[in-house]
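> Could you look at this predicted model? Sequence included:
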Amino acid sequence: MTTHRILRIALVMSSLTSAGLWAQSPATLTIQLNQPKTAVSPILYGLMTEEINYSYDGGLYAELIRNRTFRSDWTGILNWFLIEKGNSAAKMSIDASTGPSKALTRSARIEVASASTDGPAALLNEGYWGIAVRPNTRYKGSLFAKSKSADPLPLKLALVSDHSQKILATSSITINGTEWKEYNYEMLSGSVAASAENHFELMVDRPATVWLQLVSLFPPTYKGRPNGNRIDIMEKLAAMRPKFLRFPGGNYLEGNRIETRFDWRKTVGPLVDRPTHPTTWNYHSSDGMGLLEFLLWCEDLNMEPLLGVFAGYSLGGQVVKPGPDLEPYVEEALDEIEYVTGGPETKGGALRASHGHPAPFPVRYVEVGNEDNFDRSRSYEGRFAQYYKAIKARYPKIQVIASMPVKDTAADVLDDHYYKRHQEMFQLAKRYDSADRKGPRIFVGEWATREGSPTPNLGAALGDAAFLTGLERNSDIVIMAAYAPLFVNVNPGGMQWSSDLIGYDAMNSYGSPPYYAQVLFSSCLGDHTVETAAGGAGEKFFYSATVSQKANRLCLKLVNGTSLPQPVTLDLKGLSNGAHKARIQTLKADSLRATNTIAHPERVVPVTSNMTVNSQRVEHTMPGYSIQVVDLELK
Ligand code: AHR
């Protein structure tokens, strides 16, 4: 075929498509606005989270210093480097014989043999793939230290540019004495260019021996919380309007071994009393994001906590037998629930109050374990029964979620997980249409269309959106759903699991197309579904129609999973006469692989248009590969 002929065919094809001649066969969607069908759960959309992909350390948790507790391996102290400026000479080592607390029994010992103001000995921390420094910003830090000598020892602290070595913000403290003490400091950056190519330095300008532990530095945090969260990421979560937070996992809850499970008792109270622990995802957790911080995160975003409790099984295959052996772990869970929900008159509530939060947190749902179907000993039936009985005896109102189907106990809710390609998600959109309404209600505690890395693409968003239409339609039984994983640090080595909803580095964050699909879906959700019927549409057309009685609006979700436009006649039965305002939000792209990245964060983002609906029949055409949310005023 000649080039000329190929060009002509291409031109004809493109003009047919743009003229709408090449489109899906027209569909009709009849929506009976005044015929309610089933209730929609008011807490359908929430978040699931765990320490994976540097979700908290190097992610949401705003700490800038990496390895603030000085863990080491045979190469030395991880993420810290000794710099001998000028003619200074110093040694850095781990001292296993001294630390500031029972939890942190070791420390970094810095022995400075010679140093001067012009040539100090410095400890450098590389941060989490750099340290973000912004102009005119206040940074707040603290550290524990003691000196060999009783003489005052000045330390200089600074944020320094990697390239120019210019000091961007600085502070100093004086170590007083030979006993462990906590020191606080602040630094203010000037009119510097925002960048993450910076590091932290701690400098000693004279011969001295000093021990350090828990060296910490925070930028401004969301709502100004001490030990708080990154503002940009919290704002992205707030835009999702999540109603609950499932935490702390996921595999992270279970640990590879029982002793490395999420042991809530070791994650509360002052940071210096937290020993830190290894995670299932091949890196160490600072436990700065401890049980109370999860709860404050809930408070800040108005989410209800959905608490996962360790259930006697860890990923490496260790199982605690149901019966007396399991009893201490059941008690651990009951104590945890009391810490979260108890009034200050209870032991747990008093402990929480002593940590600065006298008001209890309301908890309606507790999940026992995570994916216990992986337990080869098949012990979950017995373990679940024991937890269920104990939780119900003390907290009869709490709904207990099973992490896999159980036969002997009537679980209140069952947690289903799905990780699939988009074609399978299209199939799963019908999964709950025929589900048994007499069994437990469903919590889809983890789900994702896994296409795209590190964050998913538009094809994944189409799979997700199709799946969500099925959840909305069946929200009488599916009461909650949460995507997983939520976060990924996109730097090399940051990811352990691909296709994560929100990506970031030290400086910036971005939402994937599936993130925007969820922002759209949660932006408009009625309190009940209405009778609908679709005719003429292909297999890749998905929809859900919910009506909010309170707000008097229709929330219509439409998904066109094909590359061709989809003409749809919307037949809005029962629409009152007059002009009705509608807002249409569209997420679309020309390719399934279209995506956002840290360098191009807004390639695929929603576009909003407005229209006025004057009659019951609306002729509408959906673009190819598109997700649309129509928010129509009914009054
Ligand atoms: O979301 C990633 C992992 O997938 C979770 O930790 C686990 O529950 C599931 O297998």
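Looks like it came in fine.
> what residues does the stretch 1-150 of the chain put near the ligand?
Within the stretch 1-150 of the chain, the positions near the ligand by C-beta under 6 Å from any ligand atom are 50, 52. Using the backbone N, CA and C atoms, a C-beta is placed for each residue, glycine as well.
> whoops, the chain was the one
Counting by C-beta under 6 Å from any ligand atom, the chain comes close to the ligand at 50, 52, 249, 250, 251, 370, 371, 446, 484, 485, 497.
> same thing but at 5 Å, please
Contact residues, the chain versus the ligand (C-beta under 5 Å from any ligand atom): 250, 251, 371, 484, 485.
> Report the beta-bridge partner residues of the nearest residue to the fourth one once chain neighbours are set aside.
Closest residue to residue 484 in three dimensions, ignoring its sequence neighbours and counting by C-beta to C-beta, 6 or more residues apart in numbering: residue 446, at 3.9 Å. Each beta-bridge partner of residue 446 is listed here: residue 417, as defined by DSSP bridges.
> give me the number of residues near residue 446?
22 (other C-beta atoms under 10 Å).
> Restricted to buried residues, select the residues of the chain next to the ligand in ChimeraX.
Buried subset of these, written as a ChimeraX selection, criterion 16 or more other C-beta atoms under 10 Å:
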select :250,251,371,484,485
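> need the contact list for the residue lying closest to residue 490 once chain neighbours are set aside.
Distances taken as C-beta to C-beta, 6+ apart place residue 503 nearest to residue 490, at 4.6 Å, with adjacent residues excluded. Listed by C-beta atoms under 8 Å, 6 or more residues apart in numbering, the contact set of residue 503 reads 454, 455, 487, 488, 489, 490, 509, 510, 512, 596, 597, 598.
> Excluding chain neighbours, what is closest to the second one?
Taking C-beta to C-beta, 6+ apart as the measure, residue 455 lies nearest to residue 512, with 3.7 Å between them; neighbours along the chain are not counted.
> Tell me who's in contact with residue 96.
Shown in contact with residue 96 (C-beta under 8 Å, 6+ apart): 105, 106.
> separation between it and residue 182?
21 Å (C-beta to C-beta, to the nearest Å).
> Residue 439 now?
From residue 439 over to residue 182 (counting by C-beta to C-beta), the distance is 53 Å.
> cool, and residue 92?
Distance from residue 92 to residue 182, by C-beta to C-beta: 21 Å.
> So these two - more neighbours on which side?
When residue 92 and residue 182 are compared for neighbours, residue 92 comes out ahead with 20 against 14, by other C-beta under 10 Å.
> hang on, the more buried one packs against residue 109?
Yes. Under the criterion of C-beta atoms under 8 Å, residue 92 is in contact with residue 109, at a separation of 7.3 Å.
> Quick check, the residue in the stretch 401-550 of the chain closest to the ligand?
Of all residues in the stretch 401-550 of the chain, residue 484 sits closest to the ligand, at 3.9 Å by C-beta to the nearest ligand atom.
> Can you verify my assumption that that residue contacts residue 450?
No. Proximity of residue 484 to residue 450 does not meet the contact threshold set by C-beta under 8 Å, at 10.6 Å.
> What is the most widely separated pair among the residues of the chain next to the ligand?
371 and 485 (13.8 Å; C-beta to C-beta).
> what touches both of these two?
For the pair residue 371 and residue 485, no residue contacts each of them under the criterion C-beta under 8 Å, 6+ apart.
> So what would you say the end-to-end distance of stretch 157-177 is?
Terminal residues of stretch 157-177 are spaced 19 Å apart (C-alpha to C-alpha, to the nearest Å).
> Need the mean per-residue confidence for that stretch.
The predicted model assigns stretch 157-177 a mean pLDDT of 98.
> Could you shift the numbering so residue one becomes 717, and keep it that way?
New numbering, starting at 717: the last item is stretch 873-893.
> Show me which residues of it are buried.
Going by 16+ other C-beta under 10 Å, stretch 873-893 has these buried residues: 873, 874, 875, 876, 877, 883, 884, 885, 886, 887, 889, 891.
> Out of the residues you listed, which comes closest to the ligand?
Using C-beta to the nearest ligand atom, residue 875 comes nearest to the ligand of these, at 34.0 Å.
> Just list the residues touching the residue positioned nearest the centre of the chain, thanks.
For the chain, the residue nearest the mean C-alpha position is residue 1202 (3.8 Å; C-alpha atoms, centre = their mean). Shown in contact with residue 1202 (C-beta under 8 Å, 6+ apart): 763, 764, 765, 771, 1216, 1217, 1218.
> Run a quick neighbour tally on the closest residue to residue 909 other than its chain neighbours.
Sequence neighbours aside, residue 851 is the residue nearest to residue 909 in space, at 7.3 Å (criterion: C-beta to C-beta, 6+ apart). Residues lying near residue 851 (other C-beta under 10 Å) number 11.
> who's in contact with residue 1170?
For residue 1170, the contacting residues are 769, 1204, 1206, 1210, 1211, 1214, 1215, 1216, 1219, by C-beta under 8 Å, 6+ apart.
> meant to ask about residue 768, not that
Here residue 768 is in contact with 965, 966, 967, 968, 995, 997, 1201, 1203, 1212, 1213 (C-beta under 8 Å, 6+ apart).
> Neighbour-wise, which one of these leads?
Counting neighbours by other C-beta under 10 Å, residue 1203 comes out on top of the contacts of residue 768 with 29 neighbours.
> my read: it touches residue 952, true?
No. With contact defined as C-beta under 8 Å, residue 1203 does not reach residue 952; the gap is 9.8 Å.
> Mutual contacts of those two, please.
Counting by C-beta under 8 Å, 6+ apart, the shared contacts of residue 1203 and residue 952 are residue 1218.
> any idea how far residue 965 is from residue 1107?
Residue 1107 sits 19 Å away from residue 965, going by C-beta to C-beta.
> Show me what residue 777 bridges to in the sheet.
In this entry, residue 777 is beta-bridged to residue 945, by DSSP bridges.
> What are the structural domain limits within the protein?
Domain segmentation of the chain under automatic domain parsing yields 737-756+1242-1349, 788-934.
> all helices for the protein, in order.
Taking DSSP state H to define them, one finds helices in the chain at 719-734, 947-954, 967-970, 1007-1017, 1043-1057, 1063-1070, 1096-1110, 1138-1144, 1174-1189, 1229-1239.
> List the contacts of residue 1000.
Residues in contact with residue 1000 (C-beta under 8 Å, 6+ apart) are 773, 783, 787, 992, 993, 994.
> What of residue 871?
Residue 871 touches 861, 888, 889, 890, 891, 918, 919, 920, 926, counting by C-beta under 8 Å, 6+ apart.
> how about 10 Å then?
Taking C-beta atoms under 10 Å, 6 or more residues apart in numbering, we find residue 871 in contact with 826, 836, 839, 859, 861, 863, 887-891, 899, 901, 918-921, 924, 926, 928.
> what's the longest strand in this protein?
strand 743-755 (DSSP state E).
> So for that strand, what gets flagged as buried?
Those would be 743, 745, 746, 747, 748, 749, 752, 753, 754, for strand 743-755 by 16+ other C-beta under 10 Å.
> Quick check: buried residues in stretch 1342-1351?
1342, 1343, 1344, 1345, 1346, 1347, 1348, 1349, 1350.
> How far away from the center of its chain is that stretch?
How far stretch 1342-1351 lies from its chain's middle: 28 Å, per C-alpha atoms, centre = their mean, to the nearest Å.
> what does stretch 1160-1179 give?
14 Å.
> Stretch 1147-1160 now?
Counting by C-alpha atoms, centre = their mean, stretch 1147-1160 is centred 26 Å from the centre of its parent chain.
> Stretch 792-809 now?
That offset, for stretch 792-809, works out to 36 Å (C-alpha atoms, centre = their mean).
> and that stretch, how far apart are its ends?
For stretch 792-809, the first and last residues are 8 Å from each other (C-alpha to C-alpha).
> can you tell me the average pLDDT over it?
In this model, stretch 792-809 has a mean pLDDT of 97.
> buried residues in that stretch?
793, 795, 796, 798, 800, 801, 804, 806, 808.
> Could you report the separation of the fifth one from residue 839?
Put plainly, it is residue 800. From residue 800 to residue 839 the distance is 11 Å (C-beta to C-beta).
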